[in-house]
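Engineer: A structural model of the following input is requested.
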Amino acid sequence: MKKNEKTDRIRNIGIIAHIDAGKTTVTERVLYYTGRSHKIGEVHDGEAVMDWMPDEQERGITITSAVTTCQWKNHDIQIIDTPGHVDFTIEVERSLRVLDGAVGVFCAVGGVEPQSETVWRQADKYWVPKIAFINKMDRVGADFFRTIKMMKDRLKANPLILQLPVGSEDKFTGMIDLLEMKQLGWASDDPDIMYETTPIDPSLIEDAEIYREKLIESVAEVDDEIMEAYLDESLITNEMLLSAIRRATIGLKLVPVLCGSALKNKGVRLLLNAVIRFLPSPADAPPVQGRHPETGKRMAFPPNAKGSVVALIFKVSMTEGRKLSFVRIYSGTLVAGSDIYNPGRKKSEKISRILKMHANKRERIEATGPGSIVGVVGLKESVTGETLCDKNNPVLLEQMLFTKPVISVSIEPKTRDDQEKIGPVLDKLMAEDPTLTVRHDEDTGQTILSGMGELHLEIVTNRMKREFNTNVNVGKPQVVFRETIAAPASTRAVFDREVAGRHHFAAVELTIKPLARGTGNRFRFDVADEVIAAQFMPDVAKGVSEAMEYGTLMGYPVVDVETVVTGGEARESSASPLAFSVSASMACREAFAKAEPFLLEPIMKVELFVPDAFMGEVIGDLNSRGGKIESIAAKADSQVIAATLPLSKMFGYTTALRSASQGRGTFTMEFSHFDKV
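Structural biologist: Numbers count the residues shown, from 1 in each chain. Now for the predicted structure:
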């Protein structure tokens with residue numbers, strides 16, 4: 001392999017943040033400075049390279065995570081630019097699953113905003129090391145140190161300040177590098193003008209020395225080598241500090257913090273340097289863990305190009321009607337034209353082409369090794385979250401979990417031609433997006449499309465028209481409720497019937513009990529093998545599982561219920577899997593009807609940014625919608641209201657808030673929990 005393709009010279013990073021913090025703007029500058037693009041695409045002009053979908057360009061937001069590769073200082077940086085809107089959190093989740101590091105972008109005015117918290121928690125879940133870039137230091141209201149405090153309070157992070165901003169708002173002229181103890185500045189906003197390095201201004205030296213000392217103390221607290229030198233009052237060189245900061249960042253003990261203004265082309269080159277210096281390569285990350293699909297034995301695969309192939313499909317795209325699978329390779333070498341094994345489906349697939357991605361542009365390559373993130377064409381059956389490996393050395397990587405949808409709309413085709421196309425189109429969209437579900441309502445005959453929010457469903461129906469030329473009428477959004485119970489109940493159900501010329505008999509006794517909210521469903525057997533033979537237990541479990549998918553009140557999924565099978569009966573000649581499955585399902589439904597069932601509705605966590613003058617009207621409107629206000633805090637010239645509201649009361653709230661605040665209020669919303677209607 002070429003030197004710059006070695007695993008230790010790869011950085012797989014994601015750009016994560018709240019909507020409008022400047023993720024895509026940062027990415028566009030990175031592409032320009034690394035020579036990947038020759039013109040800076042601006043989000044507000046609809047020309048950002050990474051926001052290539054028509055809906056992204058029109059709305060000025062990122063909807064789908066885009067992958068690109070660029071080079072900086074003899075390193076390959078593979079970047080995933082992720083969405084900031086809460087409706088597309090799944091895009092962030094599955095990207096973080098395969099990344100080695102992340103750059104958290106924060107707006108110096110907004111600080112740590114709600115979606116910033118969500119994506120930061122997702123990164124923590126996958127043990128992804130992070131560096132922070134405090135963007136928009138030139139904006140009115142920018143406050144570097146308030147953002148640092150919010151990182152500590154809201155994210156429970158341990159920020160390590162590497163740069164001190166020189167001025168802020170329209171007086172933001174540069175920063176002080178606390179490692180080199182030099183002042184950096186820009187003569188203009190021209191992207192081609194390099195920063196100038198000068199001695200620190202005498203009026204700023206005292207502050208710089210104080211923060212340099214704090215930097216050393218912070219590193220010493222988490223690194224034994226620096227602590228030893230610090231206590232011995234030995235010389236701590238920059239090389240020692242850089243190595244220690246890298247170790248602490250990879251160990252998730254520190255988060256290096258930089259600052260700048262991506263729109264004004266300030267600080268992005270320094271951010272690229274920090275990515276190379278502090279974020280891990282695939283060789284620094286722990287070997288990927290999996291289990292043998294038959295024996296369950298734990299297995300580890302270090303990033304070895306000559307080892308067994310282990311890869312994960314983290315995203316599927318159906319662009320232009322063709323299936324493109326995005327794959328992260330952890331071990332081995334993937335070769336175009338070769339066969340690959342999917343242990344989850346116990347099937348072999350052929351890799352017809354391997355593509356190096358640059359947003360929606362592709363470059364064919366013949367082979368690629370560990371650490372690579374590439375597009376693969378030819379996988380017919382494999383879907384998001386599934387493992388690819390060598391057939392002779394099968395392994396299953398940890399499954400990806402996806403959030404259940406909370407909002408639905410009914411859709412119907414406009415013409416007979418649309419009627420014929422709608423099924424295959426929806427199948428393609430669901431293959432691409434695991435948070436999108438489709439079901440057919442038997443009572444009304446409607447097709448019900450469910451997703452994560454109004455914007456999510458609006459984008460999906462727009463894509464049906466634009467990309468697949470399928471026109472649909474869309475009904476009003478409906479809340480996806482859940483059903484649960486208030487009291488325990490027991491019952492016995494008997495299935496005794498002749499089916500297809502054979503007599504089937506089985507009886508199942510069970511008890512259902514309510515569980516604490518958010519616990520999920522539990523299932524267990526409390527019955528001897530001679531009562532229900534072990535061979536029929538999976539069929540009983542299947543019957544219970546199917547019954548839990550549709551409650552008896554309104555047909556919504558049942559949650560937070562424990563089912564205990566306590567007894568049963570079988571006849572040797574007529575016991576069958578069908579009989580046990582159906583009788584378990586019947587018993588479940590009968591018990592549920594007796595257990596005081598009730599509906600649960602999704603409750604959303606809402607954060608509003610409202611100018612002081614409109615506080616009264618906005619709070620009054622929230623109260624009228626059944627909202628519970630949890631906190632009110634001042635931020636710049638606005639008030640931040642944190643509240644919880646039923647999703648059913650949030651439809652059309654954007655218009656209501658604009659009306660109540662003369663268009664100056666904004667809000668963000670994410671799912672919190674289910675509660676009684």
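Engineer: from here on, just use CA atoms for contacts and neighbour counts.
Structural biologist: Fine.
Engineer: next SSE downstream of the lowest-mean-pLDDT helix or strand in the chain?
Structural biologist: Least confident helix or strand, the chain: helix 54-59 with a mean of 47, by mean pLDDT, DSSP states H and E. As assigned by DSSP states H and E, the chain's next helix or strand after helix 54-59 is strand 66-72.
Engineer: got any ranges where the stretch 501-650 of the chain has weak pLDDT?
Structural biologist: Scanning the stretch 501-650 of the chain with the threshold set as pLDDT under 70 gives 635-637.
Engineer: which stretches in it count as helices?
Structural biologist: Assigned by DSSP state H, counting those that start in this stretch, the stretch 501-650 of the chain shows helices spanning 537-548, 577-594, 615-624.
Engineer: what would these look like in CSV with distance to residue 158 and mean neighbour count?
Structural biologist: Listed next are the helices of the stretch 501-650 of the chain as CSV, based on distance: least, Cα to Cα, whole Å; neighbours: other Cα atoms under 10 Å:
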stretch, distance to residue 158, mean neighbour count
helix 537-548, 43, 20
helix 577-594, 48, 24
helix 615-624, 34, 15
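Engineer: need the ones you listed in TSV with distance to residue 95, can you?
Structural biologist: Output for the helices of the stretch 501-650 of the chain, formatted as TSV (distance: least, Cα to Cα, whole Å):
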stretch	distance to residue 95
helix 537-548	30
helix 577-594	38
helix 615-624	35
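Engineer: so which of these is nearest residue 35?
Structural biologist: Evaluated over these, closeness to residue 35 peaks at helix 615-624, with 47.6 Å, by Cα to Cα.
Engineer: and the contacts of the closest one?
Structural biologist: With Cα atoms under 8 Å, 6 or more residues apart in numbering as the test, helix 615-624 has contacts from 610, 628, 639, 657, 660, 661.
Engineer: from residue 366, how far off is the closest residue to residue 337 other than its chain neighbours?
Structural biologist: In space, and not counting its chain neighbours, residue 337 is closest to residue 352: 4.9 Å by Cα to Cα, 6 or more residues apart in numbering. Computed with Cα to Cα, to the nearest Å, the distance linking residue 352 and residue 366 is 10 Å.
Engineer: of the two, which one has the most company?
Structural biologist: residue 352 (15 against 12; other Cα atoms under 10 Å).
Engineer: got the contact list for the residue nearest the centre of the chain?
Structural biologist: Centroid-nearest residue in the chain: residue 93, 2.0 Å away (criterion: Cα atoms, centre = their mean). Contacts here follow Cα under 8 Å, 6+ apart; on that basis residue 93 touches 119, 122.
Engineer: what does residue 647 give?
Structural biologist: Counted by Cα under 8 Å, 6+ apart, residue 647 has contacts 479, 601, 602, 603, 604.
Engineer: correct me if wrong: residue 410 contacts residue 476.
Structural biologist: Yes: here residue 410 reaches residue 476: they are 7.2 Å apart, a contact under Cα atoms under 8 Å.
Engineer: which outside residues touch the one helix or strand residue 362 maps to?
Structural biologist: Here residue 362 sits within strand 361-365, counting by DSSP H and E. With contact meaning Cα under 8 Å, 6+ apart, strand 361-365 is reached by 336, 353, 354, 355, 356, 357.
Engineer: in the stretch 251-400 of the chain, which spans are helices?
Structural biologist: 268-278.
Engineer: what about the closest residue to residue 367 other than its chain neighbours, how many neighbours?
Structural biologist: For residue 367, ignoring the flanking residues on the chain, the nearest one in space by Cα to Cα, 6+ apart is residue 335 at 4.4 Å. Residue neighbour count, defined by other Cα under 10 Å, stands at 17 for residue 335.
Engineer: just to revisit the earlier point, buried set for the strand holding residue 362?
Structural biologist: Residues of strand 361-365 classed as buried: none (neighbour count, 16 or more other Cα atoms under 10 Å).
Engineer: name the strands paired with it and say parallel or antiparallel.
Structural biologist: According to DSSP bridges, strand 361-365 has the following sheet partners: strand 353-358 (antiparallel).
Engineer: avg pLDDT for the strand it pairs with?
Structural biologist: For strand 353-358, mean pLDDT is 85.
Engineer: and for stretch 199-207, what are the contacting residues?
Structural biologist: With contact meaning Cα under 8 Å, 6+ apart, stretch 199-207 is reached by 176, 181, 182, 183.
Engineer: and if we set it to 6 Å?
Structural biologist: Applying Cα atoms under 6 Å, 6 or more residues apart in numbering, the external contacts of stretch 199-207 come out as 182, 183.
Engineer: once you drop chain neighbours, what's closest to residue 325?
Structural biologist: Sequence neighbours aside, residue 316 is the residue nearest to residue 325 in space, at 4.5 Å (criterion: Cα to Cα, 6+ apart).
Engineer: which ones are touching the one you found?
Structural biologist: Applying Cα under 6 Å, 6+ apart, we find residue 316 in contact with 324, 325, 432.
Engineer: out of those residues, who's the most crowded?
Structural biologist: residue 325 (26 neighbours).
Engineer: separation between it and residue 455?
Structural biologist: Distance, residue 325 to residue 455, using Cα to Cα: 25 Å.
Engineer: which elements pack onto the longest strand seen in the chain?
Structural biologist: The strand that spans the most residues within the chain, counting by DSSP state E, is strand 597-611. For strand 597-611, the contact count by 3 or more Cα pairs under 6 Å, 6 or more residues apart in numbering; DSSP states H and E identifies strand 482-485, strand 638-646, strand 666-676 as packing neighbours.
Engineer: confirm residue 102 sits in a strand?
Structural biologist: Yes: assessed by DSSP: H, G, I helix; E, B strand; the rest coil, residue 102 belongs to a strand.
Engineer: hmm, residue 510 is touching residue 566, no?
Structural biologist: Yes: with contact defined as Cα atoms under 6 Å, residue 510 counts as touching residue 566 (5.1 Å).
Engineer: between those two, which is the more surrounded one?
Structural biologist: residue 510 (24 against 19).
Engineer: burial count for the closest residue in space to the more buried one that isn't next to it in sequence?
Structural biologist: Excluding its sequence neighbours, the residue lying closest to residue 510 (Cα to Cα, 6+ apart) is residue 565, at 4.2 Å. Neighbours of residue 565 under the rule other Cα under 10 Å: 25.
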